[in-house]
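**Student:** need a 3D model of the following:
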Amino acid sequence: MKFHILTLFPEMILGGLNLSILGKAAENNIISINAVDIREYSREKHRKVDDYPYGGGAGMLMQAQPVYDAHRVVTGGRPVRTIYVTPQGEPFTQMKAEELAGEEELVLLCGHYEGIDERVLEEIVTDYISIGDYVLTGGELPAMVMVDAISRLIPGVLGNDISSEEESFHNDLLEYPHYSRPECWHGKKVPEVLLSGNHRKVAAWRLEQSLRRTEERRPDLYARYQAKEALVRQLSREKRNHIHMMESLSRGYAEILYVSQAVYIKSLKSEKDIKKREQSENIEVLLYDRRNKICMVSARDIVSEEDLGHFLPESTEYIISSQTLAEQKQYQRYLTCSIMLYTQKVSLPLKYKEIRLLSPADLPLLECFGAEFSCGIHWEKQSNVHGESAGNYIWDRMEKGALYGVFAEGKLAGVAGIHKGGGMGLLYVDTPYRRQGIAMSLVAYVVNRILEKGWTPYGYVPAENTAAEKLLEGLGFYTASKKVDIYIKLQKILANEI
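**Tutor:** Have a look, this model is predicted:
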């Protein structure tokens, strides 16, 4: 990830970000921090970058020209996502950090004085973001906060092997309290449950503490958590058909865009829109996984483009719908799949136990695999079905700690993993090792990893892939009664990315 920070005080940026964890990440070329001095692009004799605002008023305003020239030099005219840090922007959240962590390059523009000439903002800025409802002397501190929050989500920065696919931001809950040695300090003892060694009881205690702390300190987050939990309970009435939506909510991936009868409504423009949506039953539930740009729709009737248009984020790249969508201008149906899920809480036995997490360093081991290796959002024996090259997608899954390999005779015999969005898949066994139970061991291993997190394993299986269905059924998976359609954005197809 490359960060370009346009500022009047580059020393402040570098002094704050070139230390500790981020400094090590920069040394290891995992991230790069380029602090660009806007004054270097002033055409004034004394490097002046400010002037009085038209119409009068207190203070000075940063001029458009030096900001524009600095941006042009950094981007080379390329369309790079550019953030202006301002109290007038949308709130910076963990979800926003996850979204931005998916970019390869970011420009952050730090304002000063009374702000920046509006004309250059209109030309170069893509996002207006605020870290809080207060005013600071400049944009450097907010920019550093954002860089820190985004960077820790980039694989390798924290220096551990925690899978970001298996981690959430506590699902809108504040973190539970932590304790270390000694067991007793100032007369205060570590809670007995943390010394018990019972992982299930520890997990239950931590959830209880998170709930209590969130309710007391952040009632706004607690209300959002309750809304999600209420929807999960509602969806659980048809658990098999809605497991992908339930898991996305429970794992903290999805936000609720719409629920019929206005259980939770977001991004409506007027009261007229609200009434129209309350009266409509064309869309029952609409969720959005912003991290993976996946929209999930549960509906009774055919969903029109107008219905989706009220809520569908522009960044959406995939739609997974339980009901056929009317002809869309931007999206094309790609596959029809069954949803299969494992509802038991018992771990599965492994015949082959030499299975481990793969990393990008293992990519050469995959070269022996054929073109039928699955690379999609779903379980599919084709290459390049995800909207990005097969190599890029596999690299992403390995970087995110979501791809596992089984070894036989010292060689990589097969792989399986977790797709973007949380579904199981990416199953492939090399030809010489087939019909030996390796595929079953791989799937069982992934199931067990998901169960360790307290989640429900599930996956999408294309209608024609009977072999995958039989394999999963043999392991105790159930098949949902309703199928889902997967739609993909036409822009990705036209770009020959499929």
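**Student:** look up the closest residue to D117, ignoring the ones flanking it.
**Tutor:** A64 (4.0 Å; Cβ to Cβ, 6 or more residues apart in numbering). Where C-beta positions appear, they are placed from N, C-alpha and C, glycine not excepted.
**Student:** correct me, but the one you found touches I124?
**Tutor:** No. Judged on Cβ atoms under 8 Å, A64 makes no contact with I124 at a distance of 9.6 Å.
**Student:** show me the shaky parts of the stretch 301-450 of the chain.
**Tutor:** Scanning the stretch 301-450 of the chain for pLDDT under 70 picks out 370-391.
**Student:** strands of that one, start to end?
**Tutor:** For the stretch 301-450 of the chain, the strands defined by DSSP state E, counting those that start in this stretch occupy 318-321, 331-341, 355-357, 403-408, 411-418, 424-429.
**Student:** compare these and give me the one nearest K453.
**Tutor:** strand 411-418 (10.8 Å; Cβ to Cβ).
**Student:** so what are the sheet partners of that closest one and their directions?
**Tutor:** Within its sheet, and counting by DSSP bridges, strand 411-418 is paired with strand 403-408 (antiparallel), strand 424-429 (antiparallel).
**Student:** please identify the most buried of these.
**Tutor:** Counting by mean count of other Cβ atoms under 10 Å, strand 424-429 has the highest mean neighbour count of the strands paired with strand 411-418, with a mean of 23.
**Student:** ok so, going back, just list the residues touching the residue nearest to D117, thanks.
**Tutor:** By Cβ atoms under 8 Å, 6 or more residues apart in numbering, the contact list for A64 reads 116-117, 119-120.
**Student:** any of the residues you listed buried? List them.
**Tutor:** Buried by 16 or more other Cβ atoms under 10 Å: 116-117, 120, out of the contacts of A64.
**Student:** measure S248 to I294 for me?
**Tutor:** When distance is defined by Cβ to Cβ, to the nearest Å, S248 is 8 Å away from I294.
**Student:** shared neighbours, those two?
**Tutor:** The contact sets of S248 and I294 overlap at G421 (Cβ under 8 Å, 6+ apart).
**Student:** can you give me the strands for the stretch 101-250 of the chain?
**Tutor:** Using DSSP E, counting those that start in this stretch, the strands of the stretch 101-250 of the chain run over 105-110, 127-130, 184-185, 188-189.
**Student:** deepest of those, which one?
**Tutor:** strand 105-110 (a mean of 24).
**Student:** pLDDT of it, averaged?
**Tutor:** Across strand 105-110, pLDDT averages out at 98.
**Student:** what sits up against that strand?
**Tutor:** By Cβ under 8 Å, 6+ apart, the residues outside strand 105-110 that reach it are 1-9, 67, 71, 74-75, 80-85, 100, 116, 124-125, 138-140, 142-143, 146-147, 150.
**Student:** how does it look with 6 Å?
**Tutor:** Strand 105-110 is contacted from outside by 2-7, 80-84, 138-140, 143, using Cβ atoms under 6 Å, 6 or more residues apart in numbering.
**Student:** likewise for stretch 141-149?
**Tutor:** 3, 5, 16-17, 85, 97, 108, 110, 131.
**Student:** again, only using 7 Å
**Tutor:** If you take Cβ atoms under 7 Å, 6 or more residues apart in numbering as the criterion, stretch 141-149 is touched by 3, 5, 13, 16-17, 22, 85, 92, 97, 108, 110, 131, 136.
**Student:** can you check stretch 130-138 too?
**Tutor:** Stretch 130-138 is contacted from outside by 86-92, 110-112, 142, 145, using Cβ under 7 Å, 6+ apart.
**Student:** select only the buried ones of those in PyMOL?
**Tutor:** Buried residues within the contacts of stretch 130-138, by 16+ other Cβ under 10 Å, are selected in PyMOL with:
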select buried, resi 86+89+92+110+111+112+142+145
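**Student:** now, the contacts of stretch 130-138 that are in helices?
**Tutor:** Residues of the contacts of stretch 130-138 located in helices (DSSP state H): 142, 145.
**Student:** just to revisit the earlier point, now do the residue nearest to D117 against G138, distance only.
**Tutor:** From A64 to G138 the distance is 18 Å (Cβ to Cβ).
**Student:** C-alpha coordinates for stretch 461-477, PDB please?
**Tutor:** The C-alpha trace of stretch 461-477 is given here as PDB (Å, rounded to 0.1, in the frame of the first residue of the first chain):
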ATOM      1  CA  VAL A 461     -22.000 -24.700  -5.300                       C
ATOM      2  CA  PRO A 462     -22.900 -24.200  -9.000                       C
ATOM      3  CA  ALA A 463     -25.900 -26.400 -10.000                       C
ATOM      4  CA  GLU A 464     -23.800 -28.500 -12.400                       C
ATOM      5  CA  ASN A 465     -21.100 -29.300  -9.800                       C
ATOM      6  CA  THR A 466     -22.600 -32.600  -8.500                       C
ATOM      7  CA  ALA A 467     -19.200 -33.900  -7.300                       C
ATOM      8  CA  ALA A 468     -18.900 -31.000  -4.900                       C
ATOM      9  CA  GLU A 469     -22.400 -31.500  -3.700                       C
ATOM     10  CA  LYS A 470     -21.800 -35.200  -3.000                       C
ATOM     11  CA  LEU A 471     -18.500 -34.400  -1.200                       C
ATOM     12  CA  LEU A 472     -20.200 -31.900   1.100                       C
ATOM     13  CA  GLU A 473     -23.200 -34.100   1.800                       C
ATOM     14  CA  GLY A 474     -20.800 -36.900   2.800                       C
ATOM     15  CA  LEU A 475     -19.400 -34.500   5.400                       C
ATOM     16  CA  GLY A 476     -22.800 -33.700   6.800                       C
ATOM     17  CA  PHE A 477     -23.600 -30.500   4.900                       C
END
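**Student:** distance from the chain centre to it, please.
**Tutor:** How far stretch 461-477 lies from its chain's middle: 28 Å, per Cα atoms, centre = their mean, to the nearest Å.
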